[in-house]
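>>> Got a predicted model here, sequence first, then my questions.
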Amino acid sequence: MVARMPATTRKWAVLLLLASACATAQKGAGSPDTIARIKETKNIKLGYRESSLPFSFAGSDGSPKGYSVDLCTRIVAGLAKDLAVPDLRIQWVKVTPETRIQALIDNTIDLECGSTSATLSRQEQVDFSNLTFVDGATLLSRDDSGLSGLSDLSGRRIAVIPGTTTERLVREAFAKAGVKAEIVPVKEHSEGLAALREHRAEAYASDRAILIGLALTSSEPRRYAMIDRHLSYEPYGLMLRRDASFRLAVNRQLSRIYRSGDILEIYRQWFGQLGAPSDLLIAVYALSALPD
């Protein structure tokens, strides 16, 4: 025999259940549903960088190009098939280091196809796909600068993009080594290279692959040299909003690209001149080639 609940207790129980249901409904209403919106609008908004070579940049015709751009276009092709939206359109939106996170939060873009390091602090605001590349920060200088290590940088001007992981690592490395250098803020990678070319800085700090891309695509590649020092480990991912269903859909496409071996074709197109992928990068591809 089940004892009857007192009327007052039943009243409070009903109120608590209603409050819980309302809270759940409000939580669900406020959460993003990127996939539903993509299916409804038949449009996906991809963010790209203007000069983050060779990951994400504007080509000579103004269209987005690069390693991360190619990954994103293949992801969209897979999404179009899985979501049964054959006429899914891509809307490209230019972002900068300052605007890329807010562009995701306010729905200006759905996925950032750039060269953003997946950090825990950034995950306080946004999410990341599985890793797409592994790099490390270092410094580029002019070939005639005579710079070979951190100790040579005291009293010199170092260009870097503010607010990036590279800026923090440069400051930490300089402090640890007792190097007193002047930090010159620049907005984009192209401006960092221009600072070197125009003698407004003696070195530019960024990720190694980006610096190599900048030097090789410049009008005088032989003018530049890499300082032989890695400052960090930089794991790249495709940045997106906190939306578990969309993140899973993106990772599913990435896993297929990795399992099929198509990732090596994309790598060769943009990094072939640097040789084969490193053992660490191969491991990243293998560990992210998850089964469906």
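Thanks, I have it.
>>> centroid residue for the protein?
Thr116 (2.6 Å; C-alpha atoms, centre = their mean).
>>> these two touch, right, it and Glu234?
No. Between Thr116 and Glu234 there is no contact under C-beta atoms under 8 Å: 9.4 Å. No exception for glycine: its C-beta is placed from N, CA and C like everyone else's.
>>> if we can go back for a sec, ok, the residue nearest to the centre of the chain - contacts?
Residues in contact with Thr116 (C-beta atoms under 8 Å, 6 or more residues apart in numbering) are Arg100, Arg122, Phe128, Tyr236, Gly237, Met239.
>>> Looking at those residues, state which has the most neighbours.
Met239 (26 neighbours; other C-beta atoms under 10 Å).
>>> Looking at per-residue confidence, what score does that residue get?
At Met239, the pLDDT value in this model is 98.
>>> Enumerate the beta-bridge partners assigned to it.
With DSSP bridges applied, Met239 shows beta-bridge pairing to Glu112, Phe128.
>>> and Leu196, how far is that from Ser68?
As judged by C-beta to C-beta, to the nearest Å, Leu196 and Ser68 stand 24 Å apart.
>>> between the two, who's got more neighbours?
Ser68 (31 against 23).
>>> Give the buried residues for the helix or strand where the more buried one lies.
Counting by DSSP states H and E, the element that carries Ser68 is helix 67-82. Applying a neighbour-count criterion of 16 or more other C-beta atoms under 10 Å, one finds Tyr67, Ser68, Val69, Asp70, Leu71, Cys72, Arg74, Ile75, Val76, Gly78, Leu79, Ala80 buried in helix 67-82.
>>> one step back: from the contacts of Thr116, pick the one nearest Pro32.
Met239 (14.0 Å; C-beta to C-beta).
>>> where does Met226 land on pLDDT?
86.
>>> Assess the claim that it and Thr138 are in contact.
Yes. The pair Met226 / Thr138 is scored as a contact, 6.2 Å apart, by C-beta under 8 Å.
>>> the more surrounded of these two?
Thr138 (24 against 16).
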